[in-house]
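[1] Let's see this in three dimensions:
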Amino acid sequence: MKDVLHNVTAYFPEEWAWIMKINALFILLFLLLTIGLIGFIIFLRVEKNIRNDKKQAQQLLLIDFLNSFLFEEDFDKLKEIEDFRTDHLKTPLEIKVTIKEILLFHENLKGESAIALEELFLQLQLDKFVLNDLKKGNWFTVARAIYALSELGIEVSAKKIEPYLNDPKNEVRQQSQLYFLKVAKDNPLQFLDKTERPLTTWQQIYIENALKNFYQGPAPDFSIWLDHKLDTVVEFSIRMIARYNQFENIPKLLPFLKNEKESIRKEAIHALCSLEYIELLNLILPTFKQESISIKKEILRSVEQLGTFDDLKEIKPMLAAQDWELKIKYFNIEKYFFPNKKDEIHMQYLHEQEMGL
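    Predicted coordinates:
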């Protein structure tokens, strides 16, 4: 190391002290690094501008092409599609921009136009690029590829998508779930049989939304998944039984009123209440005292919807003096039963609060 420093500092004037030579060397190195960094930043900026220009040019070209393809009757589709594929799908950037724009058009079109775009996607052989993306390791690339397949209704072997149902990334799992929902002709929730990771709240919302807005087949029998090993799948199935008014599944819901999992018991009470099961109160009122605050609130809500004031009165002795959150709920329900006595009920509430009853 000393030999290297000696050789480098030999280029400085001999009358300079050793420390001056070292300082000059570090200043020179710092200057070179600064120039190199500035040059690198400029290079990145120029490259980004060039990329943006190419991207914008491809977008404008594609918009004109798509408008002509969709709306001009004298457009020679076979020839123009082949020319576009040959001349304007040469680079990954051109392909990615084309896929993105077709998806954007497809999201905003319905009927024959949407079907035409799906056919165009295949004729341009963009599905091959998307399928190659499925093999890549980047989660965002995989999620984007699955989204493209589901949005355009492109069916591939289930074995290509199933592994992503249990991907570590929520986004990838969500896109794979939506894929199966969008391409299904029947049994749209079959993918739940392969699901090993808990369903997030957002995934459950997206699944329910896709069932309502994209799936066109017969409603599935949600009781199939009541014995699933994942609690979140069981809770989702119970909720969907109520949403789809599957009254025939009421007997299958009753055992869940005694499930050891609080969230499942709560979901079962809510579902049976929504289905207006008249025997529900006889099953849940006796267990009110030993239940959690969350379950007690759900029981009170069920009394309000299905019960009478006599049912409500059964609960009153089981309310602890310090349970003011439940007492407020109780008195509000009492007002619901006796709307003409709201002032009297409110005064009773204030009296009990003051006395600590």
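[2] which other residues reach the helix or strand where Ile146 lies?
    Per DSSP states H and E: Ile146 is located in helix 139-151. With contacts defined as CB atoms under 8 Å, 6 or more residues apart in numbering, helix 139-151 is touched by 99, 103, 106-107, 127, 130-131, 133-134, 136, 154, 156, 161, 164, 167-169, 171-172, 175-176, 178-179, 181-183. Yep, even glycine has a C-beta here, placed from its N, CA and C like the rest.
[3] again, only using 7 Å
    Under the contact criterion CB atoms under 7 Å, 6 or more residues apart in numbering, helix 139-151 has outside partners 99, 103, 106-107, 130, 133-134, 136, 156, 161, 164, 167, 169, 171-172, 175-176, 178-179, 182-183.
[4] Out of these, name the ones that lie in helices.
    99, 103, 106-107, 130, 133-134, 161, 171-172, 175-176, 178-179, 182-183 (DSSP state H).
[5] Just give me the closest of those to Glu325.
    Set against Glu325, the nearest of those by CB to CB is Glu171 (37.3 Å).
[6] how many other residues sit next to the closest one?
    16 (other CB atoms under 10 Å).
[7] quick one: contacts for it?
    139, 143.
[8] one step back: return the members of the contacts of helix 139-151 classed as buried.
    Burial by neighbour count, judged by 16 or more other CB atoms under 10 Å, picks out 99, 103, 106, 130, 133-134, 161, 164, 167, 171-172, 175-176, 178-179, 182-183 from the contacts of helix 139-151.
[9] what sits up against stretch 258-266?
    231, 234-235, 256-257, 268, 292, 294-295, 298.
[10] what's the most distant pair in those?
    Most distant of the contacts of stretch 258-266, by CB to CB, are Val234 and Ser292, 18.4 Å apart.
[11] more crowded one of those two?
    For Val234 versus Ser292, the count of surrounding residues by other CB under 10 Å is larger for Val234: 21 against 11.
[12] from memory Leu93 sits against Gln56, does it?
    No - if you go by CB atoms under 7 Å, Leu93 and Gln56 don't touch, sitting 11.2 Å apart.
[13] shared neighbours of the two, anything?
    What both Leu93 and Gln56 touch, as defined by CB under 7 Å, 6+ apart, is an empty set.
[14] any low-confidence regions in the stretch 51-200 of the chain?
    Counting by pLDDT under 70, the low-confidence segments of the stretch 51-200 of the chain come to 51-53.
[15] surely Asn166 meets Pro198?
    No - look at Asn166 against Pro198 with CB under 7 Å: they stay out of range, at 10.6 Å.
[16] tell me the domain ranges of this structure?
    Here the domain assignment for the chain is 1-43, 78-196, based on automatic domain parsing.
[17] Pick the most deeply packed of those domains.
    domain 78-196 (a mean of 17; mean count of other CB atoms under 10 Å).
[18] Do me a favour and get the end-to-end distance for that one?
    The straight-line separation of the ends of domain 78-196 (CA to CA, to the nearest Å) is 46 Å.
[19] And stretch 302-319, by the same measure?
    16 Å.
[20] For that stretch, buried residues please.
    Under the neighbour-count criterion of 16+ other CB under 10 Å, stretch 302-319 has 302-304, 306-307, 311-312, 315, 319 buried.
[21] farthest-separated two in these?
    Leu306 and Leu319 (19.4 Å).
[22] still on that earlier bit, reformat the domains of the chain as a markdown table; add distance to Gln204.
    Putting the domains of the chain into a markdown table (distance: least, CB to CB, whole Å) gives the following:
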| stretch | distance to Gln204 |
| --- | --- |
| domain 1-43 | 46 |
| domain 78-196 | 10 |
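[23] of all those domains, which lies closest to Tyr330?
    domain 78-196 (38.8 Å).
[24] So what's the residue count around Phe222?
    By other CB under 10 Å, neighbour count at Phe222 equals 21.
[25] which residues of the stretch 1-150 of the chain fall in helices?
    Using DSSP state H, counting those that start in this stretch, the helices of the stretch 1-150 of the chain run over 2-9, 18-71, 77-88, 92-107, 111-123, 126-134, 139-151.
[26] quick one: contacts of the third one?
    This means helix 77-88. Identification of contacts with helix 77-88 by CB under 7 Å, 6+ apart yields 61, 65, 69, 94, 120, 123-125.
[27] Am I right that Trp225 is in contact with Asp231?
    No - Trp225 is not in contact with Asp231 according to CB under 7 Å; the separation is 11.5 Å.
[28] So which of those two has more stuff around it?
    Trp225 (19 against 15).
[29] Now do the closest residue to that one other than its chain neighbours against Gly153, distance only.
    Nearest residue to Trp225, sequence neighbours excluded (CB to CB, 6 or more residues apart in numbering): Ser237, at 4.3 Å. Distance, Ser237 to Gly153, using CB to CB, to the nearest Å: 26 Å.
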